[in-house]
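Asker: got a sequence here, can you build the structure:
(chains A and B)
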Amino acid sequence: MYSQKIAITFGKFLNQGITMAELDKLQNIVTQTRRDILRMVHDVNSGHPGGSLGCTEFFIALYYEIMNLKDDFDMDGKEEDIFFLSNGHISPVWYSVLARKGYFPVKELETFRKLNSRLQGHPTTHEGLPGIRVSSGSLGQGMSVAIGAALAKKLNGDEHLVYSLHGDGELQEGQNWEAIMYAAGNKVDNIISTVDRNGQQIDGPTEDVLPLGNLKQKFEAFGWDVLEVQDGNNLEAVIKGLNEAKSRTGKGKPVAIILDTVMGHGVDFMMHTHAWHGKAPNDEQLEDALSQNAETLGDY
Amino acid sequence: MKYTDQGKKDTRSGYGAAMTELGRSHPNVVALCADLVGSLKIEDFIEENPKRFFQTGIAEANMMGIAAGLTIGGKIPFASTFANFATGRVYDQIRQSIAYSNKNVKICASHAGLTLGEDGATHQILEDIGMMKMLPGMTVINPCDYNQTKAATLAIADYEGPVYLRFGRPKVANFTPVDQKFEIGKAVLLQEGTDVTIIATGHLVWPALIAADNLKKQGISAEVLNLHTIKPLDEAAVLKSVKKTGCVVTAEEHNFLGGLGESIARTLAVQHPTPQEFVATQDTFGESGTADELMDKYGLNNKAIEDAVVRVKNRK
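Answerer: As a prediction, the model looks like this:
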């Protein structure tokens, strides 16, 4: 469907690659995260499972393999890598990963979208949830914020990186292109922005709603260094892609990853459709979905 | 009058002068601008601190987002452009990335109100105070002259939280004592009186003082409050004065909907119902003209304040 993909060279990272045992361990976390997502949205009969399931491997790779993180959360995030989620509606996957990384109690996942919770429908700093540095949900704002944080890191002499994730449909918001132009024009080369290229948005396939076209060419035309990861739901491929992106930072260009994922990945009846963008499974569907993702770390 | 005009100056130059000082005194202060450096008078800051200035080009939405991001890492961003493009154009960016996220961003808006002049209604804005004061947690400040704008700019650098600072283009009377400390949320009692309270903000403060002088000649004793901080509102100062005088005129270079007058009216309605007259624009857009012509046509001058005082006294 999308042209000009760069195949990730699997052999290239043998030396820095992870062992099969480590990969199995991470895969177990992926599966548990999918269970968390499904159970969270089912419990409140609302939320966004599709994009969350599609980005699970990305989040696990980022938080368990890629980012250098301090033990304790603070807002400034100095001397550590920081992450911004621009497409805030996939909060379930982020909340699950943050909880299981120890940012807040795993038990708190049961408060998702409920009254008086820190786990708002869309991520926010407002209730003081550790791990979150800016509110998102109204789309198209995250890249600008990530660039600002990257500029602050440069001013502070902090060589850690800033990561951001964006929906593909979200790129229809014009502010993204202001940010994309700015980052390249000002050589913000300590940022890695990933686009979740699942090809779906609320009203249907992105190419039907408003064609995004060749995103690699678009980012490159604006002056970014772009790599594509073809199988965004293959944990090893995602880790390798992110490591490759890391190696391209600090060279005068911002780095983008076009990450091909399948919305709803891991639950057969949720895959390859926009139907589960913002819809929760009923009891039967939940049972079916959970049976496809066996409990590994213990449900919350 | 106990205040004297030390020579007409534009409030935006007060902002620029303060930015130069902050550049030297506050290493974490950074500046952003969307292609209006000359209009915002921040050339000196940029020359002395090139790495602490971010030119975003004509992209205000991106500027607000970058400003929010810069706070993460401890910077204190001053994001500046024309008031219209600093508010209405980027309301959702301010709402989500700055206000709801409680980011320490200073939104510094020049050319507010009608006095931008000849560019006309596309560039004037008379709704910005309303938009900004409705955002939870947003502090809204509209200083009256060069000295006060400079003092306010310095003060907000040491205040933690989002701020909307509104100032303008024309050269106006500069009467605030140069050493007057700026206290956020604290009204300045400019003149004591007993018959009526005039509460003014921004460019209407000097005309309020002139009005009070003229009223004195007619035997009317007017108390004048400079309410530079519209939010949080200095309710104690307002109530203290109004309880004494029994009636109030509010004056602002803004629509009567959403402005200073409405904030005062709400306070009084709840705590001390009082006759009030509004000197403000009447739910209209502006137009091209000189600043003085526009202020006269839209009833934003000392004469309009004096007329409002006569009306409100008759309603006591």
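
Asker: check whether whichever residue of the stretch 151-300 of chain A sits closest to chain B sits in a helix, strand or coil.
Answerer: Of all residues in the stretch 151-300 of chain A, A:Ala152 sits closest to chain B, at 2.9 Å by CB to the nearest CB. In this view, the C-beta of every residue, glycine as well, is placed from N, C-alpha and C. Following DSSP: H, G, I helix; E, B strand; the rest coil, A:Ala152 is assigned to helix.

Asker: residue contacts, it?
Answerer: Contact analysis of A:Ala152 by CB atoms under 8 Å, 6 or more residues apart in numbering or on different chains lists A:158, B:69-75.

Asker: gap between it and B:Gln124?
Answerer: A:Ala152 sits 34 Å away from B:Gln124, taking CB to CB, to the nearest Å as the criterion.

Asker: what's around the residue in the stretch 101-250 of chain B positioned nearest to chain A, how many residues?
Answerer: When scored by CB to the nearest CB, the stretch 101-250 of chain B has B:Ser101 as its residue closest to chain A, at 4.6 Å. By the measure other CB atoms under 10 Å in any protein chain shown, the count of residues near B:Ser101 is 24.

Asker: also the one 5 residues further on?
Answerer: Other residues near B:Lys106 number 26, with proximity taken as other CB under 10 Å.

Asker: I'd assumed B:Leu154 was in contact with it.
Answerer: No: taking contacts as CB atoms under 8 Å, B:Lys106 lies outside contact range of B:Leu154: 11.1 Å.

Asker: show me which helix runs longest in chain A.
Answerer: Assignment by DSSP state H gives helix A:20-44 as the longest helix of chain A.

Asker: what does the stretch 51-200 of chain A put close to chain B?
Answerer: A:75-78, A:82, A:84, A:124-126, A:133-138, A:141-153, A:155-156, A:158, A:174-175, A:178-179, A:181-182, A:185-186 (CB under 8 Å from any CB of the partner chain).

Asker: separate out the buried members of those residues.
Answerer: Buried subset of these (neighbour count, 16 or more other CB atoms under 10 Å in any protein chain shown): A:75-78, A:82, A:84, A:124-126, A:133-137, A:141-153, A:155-156, A:158, A:175, A:178-179, A:181-182, A:186.

Asker: am I right that A:Ile258 is in contact with A:Ser193?
Answerer: No: using CB under 8 Å, A:Ile258 is not in contact with A:Ser193, being 10.1 Å away.

Asker: which one's more surrounded, these two?
Answerer: Applying other CB under 10 Å to A:Ile258 and A:Ser193 shows that A:Ser193 carries more neighbours, namely 29 against 25.

Asker: my read is that one is in a helix, agree?
Answerer: No: counting by three-state DSSP, A:Ser193 is located in no helix; its state is strand.

Asker: excluding chain neighbours, what is closest to it?
Answerer: Nearest residue to A:Ser193, sequence neighbours excluded (CB to CB, 6 or more residues apart in numbering or on different chains): A:Ser164, at 4.7 Å.

Asker: SS state for that neighbour?
Answerer: Secondary structure assignment for A:Ser164 (three-state DSSP): strand.

Asker: quick one, what contacts it?
Answerer: So A:Ser164 contacts A:83-86, A:142-143, A:146, A:191-194 (CB under 8 Å, 6+ apart).

Asker: now do the contacts for B:Arg89.
Answerer: Neighbours of B:Arg89 in contact, by CB under 8 Å, 6+ apart: B:60-61.

Asker: and what of A:Gly241?
Answerer: A:8, A:227, A:229, A:257, A:259.
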